[in-house]
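>>> mind folding the following:
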Amino acid sequence: MVKVLFVCLGNICRSPTAEAVFTRLVKETGLEERVLIDSAGTGDWHVGHPPDVRATRAAAERGYDLTALRARQVGREDFAKFDYVLAMDDENLRELKRLAPPEHAHKLRLFTEFSSKGAGAVPDPYAGGPQDFELVLDLVEESARGLLRDVLSRIDA
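So this is what the prediction gives:
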């Protein structure tokens, strides 16, 4: 089984969006029994809360369901459990590198590294408007397709 963890700051906008988008891609490929997907935040402000209503609304308009997801904070055990620990931006990647045991540092990457449009960040839409949540979805959908190709290469290997 391949295990993927998406990480942003509060786990209420970007990482739950990535979790939902990637979950649907994996299901469409028929690999839901071979890929475990989760999301978390580096901060603890929203632990137990549902995703931001604006993220939920934007995702629903594209057919993704975030309603069952609840925020949680990254734990030390996540670095051992997951094969991919994917940060949404450089700030969260730095925090993950600070928290990760050295033997798991190779698992840490920016999620957008899987995009065919080049690496960068998935910007935090929290202080923005609807267009910012749409941009997040665009970047997440593109990066998720690239991630799926990478995961498939691991499964087929």
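
>>> show me which positions of the longest helix anywhere in the chain end up buried.
Looking across the chain with DSSP state H, the single longest helix is helix 130-156. Within helix 130-156, the residues that count as buried by 16 or more other Cβ atoms under 10 Å are 132-133, 136-137, 139-144, 146-148, 151-152. From N, CA and C alone the C-beta is placed, and that goes for glycine too.

>>> any idea how far it is from the middle of the chain?
Relative to the centre of its chain, helix 130-156 is centred 9 Å away, using Cα atoms, centre = their mean, to the nearest Å.

>>> for it, packing partners?
strand 2-8, helix 14-29, helix 53-61, strand 84-87 (3 or more Cβ pairs under 8 Å, 6 or more residues apart in numbering; DSSP states H and E).

>>> got the contact list for the second one?
Judged by Cβ atoms under 8 Å, 6 or more residues apart in numbering, the contacts made with helix 14-29 from elsewhere in the structure are 4, 6-8, 32, 35, 37-41, 51, 55, 58-59, 63-66, 69, 71, 86, 88, 111, 122, 124-125, 136-137, 140-141, 143-145, 147-148, 151-152.

>>> for stretch 81-99, same thing?
Taking Cβ under 8 Å, 6+ apart as the rule, stretch 81-99 contacts 2-9, 14-15, 18, 38, 42, 74, 76, 78-79, 100, 104-105, 107-111, 121-124, 147, 151, 154.

>>> give me the neighbour count for residue 106.
10 (other Cβ atoms under 10 Å).

>>> check residue 105 too.
The burial count for residue 105: 12, using other Cβ under 10 Å.
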